[in-house]
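>>> Give me a 3D structure for the following:
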Amino acid sequence: MISPSDVLQKNLKMVHGCPMVYAFAHNWERIEQFRSRPDDIVIATYPKSGELCSLTDAGTTWISEILDMVLNDGDVEKCKRDVITAKVPMLEMAVPGMRMSGIEQLEKNPSPRLIKTHLPIDLLPKSFWENNCKMIYLARNAKDVAVSFYHFDLMNNFQPFPGTWEEYLEKFMTGDVAYGSWFNHVKGWWKKKEEHPILFLYYEDMKENPKEEIKKITRFLEKNLNDEILDKIIHHTSFEVMKDNPLVNYTHLPTAILDHSKSPFMRKGITGDWKNYFTVAQNEKFDALYKKEISGTTLQFRTEI
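As a prediction, this is how the structure comes out:
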């Protein structure tokens, strides 16, 4: 019988060519065989594309709470019904020996279900495509993602210890991190939206003009919410409110998994923090890789706002 201690801080495990969190990779068939419902709504991000994680991340948590509020017409009390990990389960989340399976929670949740994932396009269960489920992808600039992912891995015991920032950045650039290459992840989801109902959003746009981006979400989900409700959603899902909300800031998870003393789950939620970490040489090397990888796409990321 596998216990939680058997999977914490273990090296990543390859799943169909993608480095995966060791705990999540156990019994991968459960992911491949997952049965979606036609009205499921998928929230997809690369880890820390808002404030990171691969267990969960604040950017994903932010848009998850926004979507929950949109579906509940801005009713704050309804949105307080449970912790975020129950309201918006993470599809691939599983910890052997602990009652924490995302799939088990999803099977209990009523429709329409909100389903969070960090999976790259190729690893998403086929039933989502077969059911033509709506999906929202939140993308964040790679430099802030790298910094946020690094800090998350310092406190996230699901991941192997990240080492120094210099060591970690090298691994990030080569895709030797959980969920693989940021470049491949973003490009895969960007291309897929040509043939599937995917709303592709940028974290930086969400930070700069949340009302406009939430309007895009409401239109995509065919909801009609007035300005008063939109303003309520913006306030309830602001970084300042959410970081003190125990239902969404992940303080409900045991310290053995997320050690908030090493780095808070909701760290800063700002754009441009990468400037405090990247050296000039690191930035030049990263820019050269970015240019090579993103050329040929119409993706437009901003590294500051």
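
>>> which residues touch the host helix or strand of N184?
Element membership for N184 (DSSP states H and E) is helix 182-192. Helix 182-192 is contacted from outside by 44, 46, 120-122, 137, 139, 142, 145-146, 172, 175, 179, 198, 200, 289-290, 293-294, 297, 299, using C-beta atoms under 8 Å, 6 or more residues apart in numbering. For every residue, glycine as well, the C-beta is placed using N, CA and C.

>>> Any of those residues buried? List them.
For the contacts of helix 182-192, burial is judged from neighbour counts taken by 16 or more other C-beta atoms under 10 Å, and it is met by 44, 46, 120-121, 137, 139, 142, 145-146, 172, 179, 198, 200, 290, 293-294.

>>> Give me the subset of those residues lying in helices.
Of the buried ones among the contacts of helix 182-192, the ones assigned to helices by DSSP state H are 142, 145-146, 172, 290, 293-294.

>>> quick one: which of those is nearest P89?
Lowest distance from P89 to these (C-beta to C-beta) belongs to V145, with 22.6 Å.

>>> three-state assignment of the nearest residue to the closest one once chain neighbours are set aside?
Closest residue to V145 apart from its sequence neighbours, by C-beta to C-beta, 6 or more residues apart in numbering: K48 at 5.2 Å. Each residue gets one of three states, and K48 gets coil by DSSP: H, G, I helix; E, B strand; the rest coil.

>>> just for the stretch 51-200 of the chain, where's the confidence low?
Of all residues in the stretch 51-200 of the chain, those with pLDDT under 70 make up the ranges 51-58, 96-100.

>>> Let me see the ranges of the strands in it.
With strands called from DSSP state E, counting those that start in this stretch, the stretch 51-200 of the chain shows them at 114-117, 134-139, 198-202.

>>> Direction included, what does the longest one pair against?
In its sheet, strand 134-139 lies beside strand 41-45 (parallel), strand 198-202 (parallel), with partners assigned from DSSP bridges.

>>> Which of those sits closest to S101?
Evaluated over these, closeness to S101 peaks at strand 41-45, with 17.6 Å, by C-beta to C-beta.

>>> which one of the ones in helices among the buried ones among the contacts of helix 182-192 sits closest to S101?
Sorting these by how near they are to S101, with C-beta to C-beta, puts V145 at the top with 26.5 Å.
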